[in-house]
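Chemist: quick one, fold the following:
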Amino acid sequence: MGFFDLNGGLGRRFGSLGVSLDQPSTSLCAYIADSISTHGPGAVRALKTAQRIAAALDLPHGVHIELQAAIPEHAGLGSGTQMSLAVGSAISQLFNLNLSLRDIAVLTSRGARSGIGLGTFASGGVIVDGGRSADTDVPPVIARAEFPSDWRIVLMFDRSSYGVHGAQEIEAFRQLPEFPADSAAELCRYVLMQALPALAEHDLPTFGKAIRELQWRTGDHFSPAQGGRYASPLVSKILQQLEAQGVDCLGQSSWGPTGFAIFADETGARQVLEALESQYDENQEIQFLLCKGANAGAEISSCLVE
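Modeler: Below you'll find the model as predicted:
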């Protein structure tokens, strides 16, 4: 949902707030095999991750990973981190390696700027991470809150666009101007004294005000790299429409292009969802999804295969 200290003047940079969703999700099974192979949605990314872990740990056998579902890539939903943690956790379970999530993140180079993906994988809910210092390998989770069970989230996918990622993301951070220290200080205050207390009291309008501040200030800062406050002109149009209708909490997830809007209950969310689906019925580029917050971490289990 946004960074709150892109200035880094106190010795730590970034710091972010995010929420775990019940969908879209990544689901896979891992089996001991003669070689390393993958099959299913996201197979290419899963294969690279498995090969990297195997090479680093010198595994005694190969592994086959069968994927049932995968979070869309480069949509701003943390697909890379969730895939890495899922594959790493499966391999750890399969070979009794007892790897921690931090171990897996370091092995697969995840969590470079945000600890949200690790926090949501571990425990779900709303996560705040403390950014990184010069000596940080993975940004630490410094706060966790339950996402209200009544609240619902409508996601907006622009299937014609991809968020900034990879080398482009690294170059974007290198070229962006310095973020103002006074704005960073205000955003920290919005997180600590508005967003988190509002969550505890299930006060969506106040929570939404804090999220909008994060979105506006960081979105405007990133606009030279992503082409505007939001990466997708189509998603931007929808978000502006919802804002004009009085929706309290909305924005872009990470680098986008996926947009989100949060509602106090399922009835309100479905009304807006149905109106949007009707309005954009003939536009094949946009897709909507109604989801909930997930207040539990990843499910990991083992089974016997005959």
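Chemist: any weak-confidence spans in the stretch 151-300 of the chain?
Modeler: 162-166, 172 (pLDDT under 70).
Chemist: let's see that with 80 instead.
Modeler: Counting by pLDDT under 80, the ranges of the stretch 151-300 of the chain that qualify are 161-175.
Chemist: tell me the helices in the stretch 101-250 of the chain, going along the chain?
Modeler: Assigned by DSSP state H, counting those that start in this stretch, the stretch 101-250 of the chain shows helices spanning 101-107, 116-123, 166-175, 181-190, 196-200, 204-226, 233-244.
Chemist: pick the most deeply packed of these.
Modeler: Mean neighbours per residue, mean count of other CB atoms under 10 Å, is largest over those for helix 116-123, with a mean of 24. Backbone N, C-alpha and C define where each C-beta goes, glycine included.
Chemist: what's that one in contact with?
Modeler: 16-20, 78, 81-82, 85-86, 101-102, 105, 110-111, 127, 129, 138, 141, 144, 294, 296-298 (CB atoms under 8 Å, 6 or more residues apart in numbering).
Chemist: just the buried ones from those, in PyMOL syntax?
Modeler: To isolate the buried members of the contacts of helix 116-123 in PyMOL, using 16 or more other CB atoms under 10 Å:
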select buried, resi 16+17+18+19+20+78+81+82+85+86+101+105+110+111+127+129+138+141+144+294+297+298
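Chemist: which ones among the contacts of helix 116-123 map onto strands?
Modeler: Ser16, Leu17, Gly18, Val19, Ile127, Asp129, Val141, Arg144 (DSSP state E).
Chemist: okay, the residues you listed in a markdown table with pLDDT and distance to Gln51 next?
Modeler: As requested, those are exported to a markdown table (pLDDT from 0 to 100; distance: CB to CB, whole Å):
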| residue | pLDDT | distance to Gln51 |
| --- | --- | --- |
| Ser16 | 96 | 29 |
| Leu17 | 97 | 33 |
| Gly18 | 97 | 28 |
| Val19 | 97 | 31 |
| Ile127 | 98 | 29 |
| Asp129 | 97 | 28 |
| Val141 | 96 | 29 |
| Arg144 | 97 | 33 |
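Chemist: returning to what we had before: let's have the helices of the stretch 101-250 of the chain in JSON lines, adding distance to Phe263.
Modeler: As requested, the helices of the stretch 101-250 of the chain are exported to JSON lines (distance: least, CB to CB, whole Å):
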{"stretch": "helix 101-107", "distance to Phe263": "31"}
{"stretch": "helix 116-123", "distance to Phe263": "20"}
{"stretch": "helix 166-175", "distance to Phe263": "30"}
{"stretch": "helix 181-190", "distance to Phe263": "21"}
{"stretch": "helix 196-200", "distance to Phe263": "15"}
{"stretch": "helix 204-226", "distance to Phe263": "8"}
{"stretch": "helix 233-244", "distance to Phe263": "10"}
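Chemist: quick one: which of those is nearest Met1?
Modeler: helix 204-226 (5.4 Å; CB to CB).
Chemist: what's the closest one packed up against?
Modeler: Judged by 3 or more CB pairs under 8 Å, 6 or more residues apart in numbering; DSSP states H and E, the packing partners of helix 204-226 are strand 2-5, helix 166-175, helix 181-190, helix 196-200, strand 249-252, strand 259-263.
Chemist: quick check: which of these is nearest to His39?
Modeler: Here helix 166-175 is closest among the helices and strands packed on helix 204-226 (CB to CB), at 24.2 Å.
Chemist: now do that closest one: distance to the chain's middle.
Modeler: Here the centre of helix 166-175 is set off from its chain's centre by 18 Å, with CA atoms, centre = their mean, to the nearest Å.
Chemist: number of nearby residues for Ile71?
Modeler: 21 (other CB atoms under 10 Å).
Chemist: not counting sequence-adjacent ones, nearest residue to it?
Modeler: Ser79 (3.9 Å; CB to CB, 6 or more residues apart in numbering).
Chemist: next one: Tyr280
Modeler: Tyr280 sits nearest to Ile286 (CB to CB, 6+ apart), 4.9 Å away.
Chemist: check Arg144 too.
Modeler: Using CB to CB, 6+ apart, the nearest residue to Arg144 is Gly125, at 5.1 Å.
Chemist: thinking the one you found is in contact with Ser20, fair?
Modeler: Yes - between Gly125 and Ser20 there is a contact at 6.1 Å, judged by CB atoms under 8 Å.
Chemist: tell me the phi and psi of Leu77?
Modeler: Dihedral angles phi and psi of Leu77 (degrees, to the nearest 10) take the values phi -110, psi 20.
Chemist: right, and it touches Ser253 too?
Modeler: Yes - using CB under 8 Å, Leu77 is in contact with Ser253, at 5.8 Å.
Chemist: spell out which residues are contacts of both of Gly125 and Ser20.
Modeler: Phe147, Gly293, Ala294, Asn295.
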